[in-house]
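In: A predicted structure for the sequence below; I have some questions about it.
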Amino acid sequence: MRRDKLEVVYDFGKEVIIQARDITIREDFEIVDGTSKAPSDIALHNELGTLSDSQKNTIKKLLVNSIDGAINNLLWMMEEHNDQYAFVAKCDDGTQFDIEQESDGLCIGQYEFVDRFSKYNSILDILETGKLEKEATKR
C-alpha cells in the first residue's frame, strides 16, 4: 500500500501530537501528580506540595496550553521561514516534498491533529468540559 502526500502529512501530524504533545503532557502531569520517579521531577512535585487539587488542575491546564503554544510557535516559524527551513518528508515511492507546502497550514492542522490523534483534549475543550483526557471511544 503506497501512501500519498496527504497521508504522509497526517502521519507527520500524528507523530508530532503523540511523540511531542502527549508524551510531554503525560510527563508533566506525572510531576504534578507525584507519580514520576525521576529525582528532579520529585523535587518539582515537592514544591507543589502546598497547592490544592484545584490549583494543581489549573497548572495542568496551563501546561497543556503552553505545550500547544510551543508546538504552534514552532510550526508557525516553519511556515513563515519556509524559504530557509522545511519539514521534508518522503513518500513510499521515494518522492520527497515539503510538508508545509502540501498542507493547508501546519498551524491550522495542529488543531485537527490534536482532535484526531491526541489522548488529551485541546485547551478549549478542557475549559469547556473540565476534562483533561478524551473519552476512550473518541480516540
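Out: Sure, I can see it.

In: any idea how far the residue most central in space within the chain is from Met78?
Out: Central residue check for the chain by Cα atoms, centre = their mean: the C-alpha nearest the mean position is that of Arg21, 2.6 Å away. Going from Arg21 to Met78 by Cβ to Cβ, to the nearest Å gives 16 Å. Bear in mind the C-beta positions are built from the backbone N, C-alpha and C, glycine included.

In: Would you state the strands of this structure in chain order?
Out: Under the criterion DSSP state E, the chain contains strands at 88-90, 96-98.

In: need these in a markdown table with mean neighbour count and distance to Lys56, can you?
Out: Listed next are those as a markdown table, based on neighbours: other Cβ atoms under 10 Å; distance: least, Cβ to Cβ, whole Å:
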| stretch | mean neighbour count | distance to Lys56 |
| --- | --- | --- |
| strand 88-90 | 13 | 39 |
| strand 96-98 | 13 | 41 |
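
In: Tell me which of those strands lies nearest to Val114.
Out: Across the strands of the chain, Val114 has its closest neighbour in strand 88-90 (19.8 Å, Cβ to Cβ).

In: What's the mean pLDDT across the closest one?
Out: Averaging pLDDT along strand 88-90 gives 89.

In: Can you list the strands that that strand pairs with?
Out: strand 96-98 (antiparallel) (DSSP bridges).

In: Many thanks, we can stop here.
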